[in-house]
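> fold the following.
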Amino acid sequence: MLGAIGRAFRTPDLRKKLLFTLSIIVLYRVGCYIPSPGIDFKRVQECVASPELTQGAFGLINLFSGGALLQLSIFALGIMPYITASIITQLLRVVIPRFEALHKEGASGQAKLTQYTRYMTIGLAILNATTLVSTVRSGALFGNNESCTNLIVNDEWWGIAIIIVTLTAGTGLIMWLGEQITERGIGNGMSLLIFTSVAAGFPSAFGAILKTKGPDTFAIVVLVGLAIVALVVFVEQSQRRIPVQYAKRMVGRRMFGGTSTYIPIKVNQAGVIPVIFASSVLYLPSLIAQFGPKDAGWTQWIQTYLTRGDHPIYMIAYAVLTIFFAYFYVAITFNPEEVADNMKKYGGFIPGIRAGRPTERYLSFVLTRITFPGSIYLAFVAMIPLVALVLVGASQNFPFGGTSLLIVVGVGLETVKQIDSQLQQRHYEGLLR
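Prediction:
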């Protein structure tokens, strides 16, 4: 393993890509601690130092921003506007025929969709920045604590405008950094920045568990975490391979086809998206309740049942939403009818299954069956931090579970595969044997 890493850095072009990627990551982390103009940074640090104030509905956004949200830095919005824009673009393919046509055009169509995603990211960044400034002014960012209000030094309209423009520009810069990694570095740039944001919280999480719970609980958490990581790696690599046979055909004097391949359908076909969707849907009621009257019955009900991660109603709602969105997202991203038509067009068929409509029904049947254990697995992983909150009393400090674990393992596996393929092209021997 160490020898393979050494070979990677001894290869000039691969070393250049790795160092470029690492430099962009360092630059991104530095930007997470540069305060936005017009913010009382000293008071923000005092508010962040209070652990009970960071256990709110902004945990998911703060996770994806690498802690920059609560720091109110220039990268406070993080990569979330781009993630949201990418998801919206994918969903619009079902609604808008123009988007579906661009998706089928190949590289030129994908470039156009990427351009639309960028424009949508800037629009969402302006909206999110305005919402964040309003939340900071009301004190809701830190749990409506009296000492964490009036964090904005200049409350004039032009001072607010400067903060909004800075946060929006920070999101645009993050998007550009991610694209630079994709073009000139190793791996998918956006995924690596998300990976960096999530992994940045691991040392503090381990330190908090060791400090508050002692070495015995810390050792148990580490052992349980390693077992969970092994389980996640196993499931993320698991797939159902549907065999596909292509018939031989004569073109001129040459014979083509006759090859055998397969359609890989992963157990977790939806990835981490269902967990993000479920967290976002559960985040909306608590956000509405923060701006509603405190003495109203519906506000108190939401604060009691839909904001506390240790409440059974919250856990059940989280698990059910995760399973639902797993089926929903798989149904959108994998189209059995399109796959069956493409196979029929190029002379492919599944052994024992007729081409056309029977192939589509067979693919739908397999996809539905394999999505069930995948959705249960996602709900189980998503519930780990909530169970840790009940057993250990440390939900935010528990690093092995939920969105963070899925992102770290998924992006880590994909990046290692890309480095491995780069090494095999040059040394005929990969990173892993």
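> how are the strands of the protein distributed by residue range?
Taking DSSP state E as the test, the strands found in the chain are 239-246, 249-251, 254-256, 260-266, 348-349.
> pLDDT of the longest one, averaged?
In this case it means strand 239-246. Strand 239-246 comes out with an average pLDDT of 86.
> ok, and what's touching that strand?
Taking contacts as C-beta atoms under 8 Å, 6 or more residues apart in numbering, the residues outside strand 239-246 that touch it are 257-267, 343, 346-351, 363, 366, 370. The C-beta positions use only the backbone N, C-alpha and C, and glycine is treated the same way.
> number of residues surrounding Leu223?
Residues contacting Leu223 under the criterion other C-beta atoms under 10 Å number 10.
> narrow the contacts of strand 239-246 to those that are buried.
Among the contacts of strand 239-246, those classed as buried by 16 or more other C-beta atoms under 10 Å are Ile263, Ile265, Lys266, Val267, Met343, Gly348, Phe349, Ile350, Leu363, Val366, Ile370.
> could you export the strands of the chain as JSON lines, including distance to Pro336?
JSON lines is the format used below for those (distance: least, C-beta to C-beta, whole Å):
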{"stretch": "strand 239-246", "distance to Pro336": "11"}
{"stretch": "strand 249-251", "distance to Pro336": "24"}
{"stretch": "strand 254-256", "distance to Pro336": "26"}
{"stretch": "strand 260-266", "distance to Pro336": "10"}
{"stretch": "strand 348-349", "distance to Pro336": "14"}
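> looking at those, which is nearest to Asn154?
strand 260-266 (50.4 Å; C-beta to C-beta).
> quick one: that closest one to strand 239-246, angle?
Interaxial angle, strand 260-266 versus strand 239-246 (axes from the mean of the first three to the mean of the last three C-alpha atoms, to 10 degrees): 150 degrees.
> how many other residues sit next to Gly172?
For Gly172, the count of nearby residues is 16 (other C-beta under 10 Å).
> just Ala208 next, same as before
Using other C-beta under 10 Å, Ala208 has 18 neighbouring residues.
> with the one 10 residues further on instead?
Close neighbours of Phe218, defined as other C-beta under 10 Å, add up to 17.
> now the helices for the stretch 151-300 of the chain?
Using DSSP state H, counting those that start in this stretch, the helices of the stretch 151-300 of the chain run over residues 157-184, 189-199, 202-237, 273-290, 297-305.
> from these, which stretch is densest packed?
The highest mean neighbour count among those, using mean count of other C-beta atoms under 10 Å, belongs to helix 189-199: a mean of 22.
> now it, how far from the centre of its chain.
A distance of 9 Å separates the centroid of the chain from that of helix 189-199, by C-alpha atoms, centre = their mean, to the nearest Å.
> that one vs helix 157-184, what angle?
Using the same axes, to 10 degrees: helix 189-199 against helix 157-184 is 110 degrees.
> Phe218 is in contact with Phe206, correct?
Yes - here Phe206 reaches Phe218: they are 7.3 Å apart, a contact under C-beta atoms under 8 Å.
> residues touching Lys104, list them.
So Lys104 contacts nothing (C-beta under 8 Å, 6+ apart).
> okay, the helices of the stretch 151-300 of the chain in JSON lines with distance to Phe9 next?
Listed next are those as JSON lines, based on distance: least, C-beta to C-beta, whole Å:
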{"stretch": "helix 157-184", "distance to Phe9": "17"}
{"stretch": "helix 189-199", "distance to Phe9": "18"}
{"stretch": "helix 202-237", "distance to Phe9": "24"}
{"stretch": "helix 273-290", "distance to Phe9": "34"}
{"stretch": "helix 297-305", "distance to Phe9": "53"}
